[in-house]
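Trainee: Got a sequence here, can you build the structure:
(4 chains)
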Protein chains: 2
Amino acid sequence: MRTARRKARTMPLPVLRRLPGYHHAVAGFRGQGREWVSSQTLGRALGLTSSTVRQDLSHLDLAGTAKRGYPVGELDAVLRDRLGSARTHRVVIVGAGMLGSALAEHGELATHGFRPVAILDRDPERVGQTVGGLTVKPIEGLGRVVKSTRAELGVVAVPSTSAQAVADLLVAAGVRGLLNLSYANLRVPPRTHVVNARFLAGLQELVLLGKGSGVRGP
Amino acid sequence: MRTARRKARTMPLPVLRRLPGYHHAVAGFRGQGREWVSSQTLGRALGLTSSTVRQDLSHLDLAGTAKRGYPVGELDAVLRDRLGSARTHRVVIVGAGMLGSALAEHGELATHGFRPVAILDRDPERVGQTVGGLTVKPIEGLGRVVKSTRAELGVVAVPSTSAQAVADLLVAAGVRGLLNLSYANLRVPPRTHVVNARFLAGLQELVLLGKGSGVRGP
DNA sequence: TAGATTGTTAATCGATTAACAATC
DNA sequence: TAGATTGTTAATCGATTAACAATC
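Mentor: Predicted coordinates:
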């Protein structure tokens, strides 16, 4: 076993996407008081081969130990650092319907470093109401709100018909990343990122997978 | 240009995952009254190369035409057929918090063929309340409810700490696919499918992407 | 006709898996 | 010590992209 190289500089996108999964699993093992975890055990928890796990973890600033595996506490710390769980990430939510409100009031956000700092809506009926301790503001104020709250991230929680317009506003307001909860395909300029968490597309994917015939591969 | 082969039998997973995106884009073009759409235009809408689009669409039972592209109406019909938009897919929602309730009341579900047929919760306070026209039922009745409603799909809309337990119940009750909205990594038996739509993991992914340094590739 | 665009094959790229020496 | 497990290299697998003849 060669010495672990310090600080991997780059990380493939698939690996990056798995980090939240590792984090959840490791936090669980830590909660159980476990001190070491092997690549095989982690693989079982995430549905990956032990080989993939070792390749993935080689991108982190951490070394495992032969015969024991990876130190749970350290792994948890490294993952939390990468995922920014200890920092505060300000999130502005557009759409104060049930979905946006659910996000604003979701308890698990805070424990991972995310803080909803504003929620806005187009509907005058909703403006002024209180959601998760925040007063719903009119969408027209988005630019000012993003500036004054220094929000880094925006959540698109509006119907798919207005999603692109909202995305454009958020980009113009200067957020660096968008979480898209709508069914729309959002287009944003190169320096901005979009991550989709689309439950409707997810349900459709399940329908396609369920057909059995129709899917190839592993 | 050779004749299109009828009925592609299999479809790679990445292609399958892009079908909802194609569907949304094509529905948009159709709404504009457009009759033809090229692979290049579709690629722009989805953030793909025209080459990838042509490869993807070759898996569908449909032929394009040189110089014009793909017929929007036919493409829409083929996609709707694949995605099951015309059939009814019964969905049982576990968790009647704001997130589960948002799903139950979400208007876009019905237009794509998904029908919430039951919503359940562990909390006695919530049991009996009405959400989206459904009466919240106690979680203990899950097996009976799935049977009587003939639900095919289950939504896990509970805190991550109870997510695996809920997944186990849904699998035991016989649903064929799970939409996971929680942060947990769900483990299910081989014949069951899980699709994640995890907003918290999505926000974390945005943080990782935002670091700029740290990501490799395209 | 000339030019744009498909459908398909082949090349490239990159992720996953396998294999195994190092080593605890 | 013997055996389990890492870290890493190489092989494999599969997805994306490029290229181009067919053709509308």
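
Trainee: My guess is A:Leu179 contacts A:Ala163. True?
Mentor: No: contact criterion CB atoms under 8 Å: A:Leu179 and A:Ala163 do not qualify, at 11.6 Å. C-betas here are computed from N, CA, C, even on glycine.

Trainee: got the contact list for A:Val94?
Mentor: A:100, A:119-121, A:139, A:142, A:154-158, A:166, A:169-170 (CB atoms under 8 Å, 6 or more residues apart in numbering or on different chains).

Trainee: Strands of chain A, residue ranges please.
Mentor: All strands of chain A, identified by DSSP state E, fall at A:36-37, A:70-71, A:89-94, A:114-121, A:130-131, A:134-135, A:137-138, A:153-156, A:177-180, A:193-196.

Trainee: And the first one, what does it pack against?
Mentor: Looking back up the chat, that one is strand A:36-37. On a contact count with 3 or more CB pairs under 8 Å, 6 or more residues apart in numbering or on different chains; DSSP states H and E, strand A:36-37 meets strand A:70-71, helix A:72-83.

Trainee: which one of the ones you listed is the most hemmed in?
Mentor: Comparing the helices and strands packed on strand A:36-37 by mean neighbour count (mean count of other CB atoms under 10 Å in any protein chain shown), strand A:70-71 comes out on top with a mean of 21.

Trainee: who does it pair up with?
Mentor: strand A:36-37 (antiparallel) (DSSP bridges).

Trainee: still on that earlier bit, can I get the strands of chain A in TSV with mean pLDDT?
Mentor: Shown next, in TSV, are the strands of chain A (pLDDT from 0 to 100):
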stretch	mean pLDDT
strand A:36-37	98
strand A:70-71	98
strand A:89-94	98
strand A:114-121	98
strand A:130-131	98
strand A:134-135	98
strand A:137-138	98
strand A:153-156	98
strand A:177-180	98
strand A:193-196	98
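
Trainee: Quick one: closest of these to B:His193.
Mentor: Closest to B:His193 of those is strand A:193-196 (CB to CB; 18.2 Å).

Trainee: That closest one near chain B at all?
Mentor: Yes: Strand A:193-196 lies within reach of chain B by CB under 8 Å from any CB of the partner chain, at A:His193, A:Val195, A:Asn196.

Trainee: ok, now which ones touch the residue in chain A positioned nearest to DNA strand D?
Mentor: For chain A, the residue closest to DNA strand D is A:Gly64, as judged by CB to the nearest atom of the strand, at 3.0 Å. A:Gly64 makes contacts with A:Ser39, A:Arg54, A:Leu57, A:Tyr70, A:Pro71, as judged by CB under 8 Å, 6+ apart.

Trainee: how about 7 Å then?
Mentor: Applying CB atoms under 7 Å, 6 or more residues apart in numbering or on different chains to A:Gly64 gives the contacts A:Tyr70.

Trainee: what does A:Ala197 give?
Mentor: Contacts of A:Ala197 (CB under 7 Å, 6+ apart): A:Leu179, A:Leu181, B:Ala197, B:Arg198, B:Phe199, B:Gly202.

Trainee: Of those, which is the most crowded?
Mentor: The most neighbours of any of the contacts of A:Ala197, using other CB atoms under 10 Å in any protein chain shown, belong to A:Leu181, which has 28 neighbours.

Trainee: isn't that residue right up against A:Val158?
Mentor: No: using CB atoms under 7 Å, A:Leu181 makes no contact with A:Val158, being 8.5 Å away.

Trainee: before we move on, the earlier item: most tightly surrounded among the strands of chain A?
Mentor: strand A:153-156 (a mean of 28).

Trainee: Other residues contacting the top helix by length along chain A?
Mentor: What stands out as the longest helix in chain A, according to DSSP state H, is helix A:13-31. Defining contact as CB under 7 Å, 6+ apart, one finds that helix A:13-31 is touched by A:37, A:42, A:45-46, A:56, A:59, A:72-73, A:75-76, A:79-80, A:82-83, B:160, B:183-185, B:201, B:204-205, B:208, B:215, B:217.

Trainee: Would you mind giving the domain segments of chain A?
Mentor: Listed by automatic domain parsing, the domain ranges of chain A are A:13-83, A:89-203.

Trainee: circling back: output the helices and strands packed on strand A:36-37 in CSV; the columns should cover distance to DNA strand D.
Mentor: Formatted as CSV, those follow (distance: least, CB to the nearest atom of the strand, whole Å):
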stretch, distance to DNA strand D
strand A:70-71, 6
helix A:72-83, 10
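
Trainee: between those, which one is nearest to DNA strand C?
Mentor: Per CB to the nearest atom of the strand, nearest to DNA strand C of the helices and strands packed on strand A:36-37: strand A:70-71, 11.5 Å.

Trainee: Wondering if the closest one reaches DNA strand C at all.
Mentor: No: applying CB under 7 Å from any atom of the strand, one finds strand A:70-71 separated from DNA strand C by no less than 11.5 Å.
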